[in-house]
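> Build me a model from this:
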Amino acid sequence: MARKVVLIVIDGLTPALFEDSVERRTTPALAFLADHGSYRRAVSTFPSLTPVCLSSIATGAHPDVHEIPHLVWWNRSERRLVEYGSSFRAIRAAGLSRSILDTIYEMNAQHLSKRAVTLYEAVEDAGLTAAAVNITCYRGRHKHLPRIPGTAKAAYGPRRFFFYSLFESDLTGAPLAVRNRPGGTIDAYAAMVGRWLVTRDGFDCLVYYLSDLDYASHAYGPDNVDAALARTDDCVGALLEAAGGPDEFLERYDVVLCSDHGQTTVEQVASLAESFAGTDALVTASNRAGMIYGPDPRALAERLDGHAAVETTLFLEAGQPVARRDGVDVPLHELGYPDAEVRIRAALANPNAGEVLVSAAPGWEFADLGGRHHAGGGSHGSLTAGDSEVPMLVVGLDAPPDSITGIAPAVLSHLGVEVPSYARRSVGPLR
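Numbers count the residues shown, from 1 in each chain. Predicted coordinates:
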């Protein structure tokens, strides 16, 4: 029988931060796992934004398959904006109630493509038990009612499902998740739930999502998060301790540990919408990626030629991807981004994407719908290596995947579960 798997996703953990902390032994849990595993730098998807990335991790697919395009996008069929939480001001600008429903429910129930198969669906269709803690791409087969009084709308997730105190398939005694976000209480909640699950050996596959490091990195920059990283390591260590110790944990479980995207320092902010004032184009932007919806994609892209905050614009012309940089078209293979052609083609093939996709220049961020940004801190979303490369560590699996899209197929194969046809790909060297 296949060994059980724990997938640990640390939001915003950069390869440099992981490698440095392991080398200096400042994160004992991460260092222990690194000592017993195989490691590489892997690549995220594009845009390298959390809803897109977590959907890629959960489905083993880029956005052309799972169809989640960005943190904020235009829903053509419903003729409205979808905003998954770029900032509180952004969700108020998009409509508070609607944005909360989109983020908590509709991303999984409606926006995530029915063509995609989540890790939880595949695992449990094979008769095994999946568990998920706090991850926002959670679609599964089991109905869960919310725990908070006054709410009644159900969500469908894996059999063991824990989502920020709102949905809890089991009573674990974990405290309210959102008491003090800067102090790390989201991940503290996850750690208590994870400890409960490991103590009971209550799953065949656990997806354990830790998000507080990304929150700190946005605020202080990716090079100034030592305290947050130490708390993250404690949350990983909680799983090891729950099994009776690190060695006992690895006797029971194999592990994948990764991030969903990188982070880079941002110092300047721009509004993409200002470049399209007086036009019929609709602009959605947040962090270091934007989208333009409107006719004549080349003309839209050319309006951004020379824009200091824009490094590359992307669009389809006669069905083929076109990239513009410094006012000229550039072949995809000459852009210099990790896994550029695959990620660009997939992003442009997403039916929910804008006609033009925008990747920010180094050091720049695009203001969101509410005018908020992270200038002076860290951000992500672009095609650049800093935003796109992630640490990828496996313990007990054959080899670390080269992309976050390789995680789900690697885990399913390891568990002896059939891999969706779209995800049957190599986990070999980076292109």
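
> What distance separates the opening and closing residues of stretch 240-248?
Stretch 240-248 has an end-to-end distance of 8 Å (Cα to Cα, to the nearest Å).

> Please work out the average pLDDT along it.
Averaged across stretch 240-248, pLDDT comes to 98.

> got the buried residues for it?
For stretch 240-248, the neighbour count (16 or more other Cβ atoms under 10 Å) marks 240-243, 246 as buried. Glycine gets a C-beta too; all of them are placed from N, C-alpha and C.

> how about those in JSON lines, adding distance to Pro28 and secondary structure?
Formatted as JSON lines, the buried residues of stretch 240-248 follow (distance: Cβ to Cβ, whole Å; DSSP: H, G, I helix; E, B strand; the rest coil):
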{"residue": "Leu240", "distance to Pro28": "9", "secondary structure": "helix"}
{"residue": "Glu241", "distance to Pro28": "11", "secondary structure": "helix"}
{"residue": "Ala242", "distance to Pro28": "16", "secondary structure": "helix"}
{"residue": "Ala243", "distance to Pro28": "15", "secondary structure": "coil"}
{"residue": "Pro246", "distance to Pro28": "9", "secondary structure": "helix"}
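
> Distance to Leu30 for these - can I get that in a markdown table?
Below are those laid out as a markdown table (distance: Cβ to Cβ, whole Å):
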| residue | distance to Leu30 |
| --- | --- |
| Leu240 | 11 |
| Glu241 | 14 |
| Ala242 | 17 |
| Ala243 | 16 |
| Pro246 | 11 |
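
> List just the nearest of those residues to Ser359.
The closest of these to Ser359 turns out to be Leu240 (Cβ to Cβ; 38.3 Å).

> now the helices: where do they sit in the stretch 51-200 of the chain?
Using DSSP state H, counting those that start in this stretch, the helices found in the stretch 51-200 of the chain span residues 63-66, 88-94, 96-101, 119-125, 185-199.

> nearest to Ser275, of those helices?
helix 88-94 (18.9 Å).

> what distance separates the closest one from the centre of its chain?
Relative to its parent chain, helix 88-94 has a centroid offset of 20 Å by Cα atoms, centre = their mean, to the nearest Å.

> Repeat that for stretch 189-207.
21 Å.

> what about stretch 321-339, how long is it end to end?
End-to-end distance of stretch 321-339: 15 Å, with Cα to Cα as the criterion.

> actually stretch 99-112, not the one I typed
Span of stretch 99-112 from end to end, Cα to Cα: 16 Å.

> For it, what is the distance to the chain centroid?
Centroid displacement of stretch 99-112 relative to its chain, using Cα atoms, centre = their mean, is 15 Å.

> Enumerate residues external to that stretch that contact any of its residues.
Identification of contacts with stretch 99-112 by Cβ atoms under 8 Å, 6 or more residues apart in numbering yields 51, 55, 59, 66-68, 82-85, 90-92, 118, 136-139, 153, 155-157, 163, 166, 352.

> where in the protein is pLDDT low?
Applying pLDDT under 70 to the chain flags residues 1, 179-181, 425-431.

> Could you list the domains of it?
Listed by automatic domain parsing, the domain ranges of the chain are 4-265+384-423, 268-377.

> Which helix or which strand is home to the residue lying farthest from the centre of the chain?
The outermost residue of the chain relative to its centre, with distances by Cα atoms, centre = their mean, is Gly278 at 34.1 Å. Here Gly278 is covered by no helix or strand, with elements defined by DSSP states H and E.

> Would you list the phi and psi of it?
Backbone torsions for Gly278, taken as degrees, to the nearest 10, come to phi 80, psi 0.

> which ones are touching it?
Per Cβ under 8 Å, 6+ apart, neighbours of Gly278: none.

> related to what we said a few turns ago, identify the farthest-apart pair in the buried residues of stretch 240-248.
So, those by Cβ to Cβ: farthest apart are Ala242 and Pro246, at 11.0 Å.

> which neighbours do these two share?
With Cβ under 8 Å, 6+ apart, Ala242 and Pro246 have no common neighbours.

> re earlier: filter the contacts of stretch 99-112 down to the buried ones.
Buried members of these, counted by 16+ other Cβ under 10 Å: 51, 55, 59, 66-68, 82-85, 90-91, 118, 136-139, 155-157, 163, 352.

> what's the distance between the residue nearest to Val198 when sequence neighbours are not counted and Thr313?
Spatially, and ignoring its direct neighbours in sequence, Val198 is nearest to Ala242 (3.8 Å; Cβ to Cβ, 6 or more residues apart in numbering). From Ala242 over to Thr313 the distance is 48 Å, taken as Cβ to Cβ, to the nearest Å.

> Over to Leu397?
To Thr313, Leu397 is 38 Å away according to Cβ to Cβ.

> Look at the two and report which has more neighbours.
The neighbour comparison of Leu397 against Thr313 (other Cβ atoms under 10 Å) goes to Thr313, with 24 against 21.
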